[in-house]
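# Sequence and predicted structure are below.
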Amino acid sequence: MDKISIIGGRTLKGTVQVSGSKNAILPLLFSSLLADGEHVFHNVPDLKDVETSCLLLKHLGCELQRSGNTLKVKTNKLKSLKAPYQLVRQMRAGILVLGPLLARYGRAEVSLPGGCAIGTRSVHLHLQGLRQMGAEMNLNKGLIVARVKKTLQGKRILLDYPTVGGTENIMMAACLAKGITFIENAAREPEIIDLAEYLNKMGAKVKGAGTDLIQITPKRPLSPGEHTVIPDRIEAGTLLLAGAITKGHISVSSCVPSHLEALLLKLEAAGFFINIKGPTIELSSPPHFSTVNIVTAPYPGFPTDLQAQFMALMTQAKTGGVSSLRETIFENRFMHTQELARLGADVQLDGHTALVKGGTLLRGAPVTATDLRASACLILAGLRAQGETLVHRVYHLDRGYESLEKKLASLGANIKRLKE
Ligand code: EPU
C-alpha cells in the first residue's frame with residue numbers, strides 16, 4: 001500500500017488545473033445502461049472509483065475503452081443484471097445501476113451497500129421512490145432483488161430528504177417510465193444538473209434540475225450521446241484550502257467558481273482574498289486569518305465533502321479563536337479529528353459539532369487516512385506541519401483525487417508518494 005510523505009512548511013504558489021468531477025461521472029457512467037450504443041464521455045478523471053464503476057459495467061456486459069480523458073461505453077446486449085457484493089462494497093455509487101436496469105430491463109439485483117466509514121448511508125429513499133413507480137423489491141442474501149411487472153410508471157415523488165444518489169437513481173429510471181415523473185425536494189447539486197444534461201442529450205426531457213422540483217418526461221428508446229463532465233468542485237475546494245493553509249497565493253483553473261460559493265464566502269469571512277476570473281479562482285492569503293463557523297448542508301450549503309479539509313485550515317486560524325464545525329449530512333464524519341490530534345491539533349467533539357482551536361502548532365507524524373476526504377485533510381495539515389507527515393492508507397485518496405500529490409508538488413509542496 002502506498003504512503004504519502006509531506007515535509008511541511010512550504011508556501012504554495014502558482015496555478016493548478018482541476019480534473020473532471022468524480023461525483024458527476026459516476027452517475028453518468030451508469031446512465032449509459034439506459035440506451036444501447038456508444039456513449040462518449042470527455043474530461044473523465046483517472047480515479048479508483050471510475051475504475052470500479054467500469055468493472056461493474058463490464059461485469060454487466062458493457063464494453064469500455066479509455067483513451068486519455070475520454071471514456072467510451074458500449075452498451076449492447078447485457079449478460080447480467082446483477083451488481084455483486086464484491087463491486088458494490090468497494091463503492092456505494094454502485095447502487096446507481098438499480099434505477100437504469102429496472103427501467104430498461106424490468107429487473108435487477110444489486111447488493112445492498114452496507115454501512116461505510118462515514119455513516120450508515122441508507123438507500124431507503126432510492127427504494128421508496130422506485131417502489132412508488134411500481135417496482136417490487138425484496139432483500140435476498142444481501143441483494144436487493146427488484147422487478148417491475150410491466151414498465152415503471154411516472155409518479156409524483158416527494159423525497160423526505162434531498163438525497164443526491166436517490167434523486168439520480170429516480171431521475172434515470174423516470175427517463176424510461178410511462179408518464180411524467182416529478183421529484184419534489186430533489187437534491188440541487190451541480191452533479192444533478194450534469195446528469196440531467198446528459199439524459200436530455202439521450203432524448204429525455206428533464207426540466208428543473210438544480211431546483212428542488214425536477215420534472216422528467218420519458219422517451220423510449222433513448223439514444224447514446226457525447227458529454228463533457230463538469231469540473232470537480234470538491235477537488236477545486238481542496239486545492240484552494242491547500243493554498244490557504246500554507247499562506248499561499250494560488251490560482252485554481254478550469255473550475256466553475258459558482259459551484260464553490262459556500263466555500264469562497266467562508267474563506268473571505270476568514271480574511272482570505274478571492275478573485276474570480278472566468279473559470280479561474282485566485283486565492284491570496286492575509287498574514288493572519290480568523291476562525292469562522294460552518295454547518296454542512298445539501299447544496300448550495302457548505303459541502304460535507306470539504307468539512308474535513310476546512311477543519312485542517314481552522315487549526316491554523318488566529319490564536320485565541322475557536323471555530324465550530326457542525327456536520328449535518330453524515331453521522332460519523334469526524335474520524336480525521338483523532339488523526340489531526342496526532343499532529344497537534346486541538347479539536348473537541350460535541351455530538352455532531354467539532355470545536356477547533358486556532359493557532360495550534362502542527363508537527364509531522366505518521367497518520368492513517370480513514371476515508372477519502374479525511375486523507376485530503378491530513379495531507380493539508382501535513383503541508384503546514386513542521387517536519388515529515390506520513391499519510392498511510394492512501395488508497396482512500398486514490399478513490400477520488402487525480403494525482404493530488406503531483407498537483408500540490410507543482411505548486412511547490414514538498415510531497416511524494418512512497419510505493420510499498
Ligand atoms: N440517506 C438516507 N436514505 C437514502 C439516501 C440517503 O438516509 O435513501 C442519508 C445518507 O445516509 C446520508 C445523507 O442522507 O446521511 C446524504 O446522502 P446522499 O444520498 O445525499 O449522498 P450520496 O448520494 O450517498 C453523494 C456523494 C457523496 C457526498 C453526498 C452528499 C456521490 C457518488 N457521492 O453521496 O460524496 O458526500 O452525496 O453531498 O455522489 C465523497 O465524494 O467523498 C462523498 C462521500
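Great, that's in hand. Numbers count the residues shown, from 1 in each chain.

# downstream neighbour of the lowest-mean-pLDDT helix or strand in the chain in the secondary structure list?
Sorted by mean pLDDT, DSSP states H and E, the helices and strands of the chain end with helix 85-88, the least confident at a mean of 90. Counting by DSSP states H and E, the next helix or strand C-terminal to helix 85-88 is helix 98-105.

# Which elements pack onto that next one?
When contacts are defined as 3 or more C-beta pairs under 8 Å, 6 or more residues apart in numbering; DSSP states H and E, helix 98-105 sits against strand 107-111, helix 124-132, strand 143-148, helix 164-174. For every residue, glycine as well, the C-beta is placed using N, CA and C.

# Show residues contacting that helix.
The contact list for helix 98-105 (C-beta atoms under 8 Å, 6 or more residues apart in numbering) reads 30-31, 33-34, 60, 78, 81, 83, 107-108, 110, 126, 130, 135, 144, 146-148, 151-152, 168-177.

# From the residues you listed, keep the buried residues only.
30-31, 33-34, 60, 78, 81, 83, 108, 110, 126, 130, 135, 144, 146, 148, 151-152, 168-177 (16 or more other C-beta atoms under 10 Å).

# quick one, what contacts the closest residue to residue 177 other than its chain neighbours?
Leaving aside its sequence neighbours, residue 177 sits nearest to residue 152 (C-beta to C-beta, 6 or more residues apart in numbering; 4.0 Å). Applying C-beta under 8 Å, 6+ apart to residue 152 gives the contacts 102, 103, 130, 133, 134, 135, 173, 174, 176, 177, 178.

# Pick out the most distant pair among those.
The most widely separated members of the contacts of residue 152 are 130 and 178, with 14.2 Å between them, by C-beta to C-beta.

# Can you pull the residues of this protein lying near the ligand?
Residues of the chain lying near the ligand by C-beta under 6 Å from any ligand atom: 22-23, 26, 92-93, 119-126, 161, 163-166, 304-305, 329-330, 372-373, 400.

# Give me the PyMOL select line for those residues, limited to the buried ones.
Selecting only the buried entries of the residues of the chain next to the ligand in PyMOL, with 16+ other C-beta under 10 Å as the criterion:
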select buried, resi 22+23+26+92+93+121+123+125+126+163+164+165+166+304+305+329+330+372+373+400
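
# residues in contact with the closest residue to residue 110 other than its chain neighbours?
Counting by C-beta to C-beta, 6+ apart, residue 83 is the residue found nearest to residue 110 once chain neighbours are left out, at 4.3 Å. The contact partners of residue 83, taken as C-beta under 8 Å, 6+ apart, are 56, 59, 60, 94, 95, 97, 98, 108, 109, 110, 111.

# can you rerun that using 7 Å?
56, 94, 97, 110, 111 (C-beta atoms under 7 Å, 6 or more residues apart in numbering).

# Out of these, which comes closest to the ligand?
residue 94 (9.8 Å; C-beta to the nearest ligand atom).

# doesn't residue 54 make contact with that closest one?
No - with contact defined as C-beta atoms under 7 Å, residue 94 and residue 54 do not form a contacting pair (11.7 Å).
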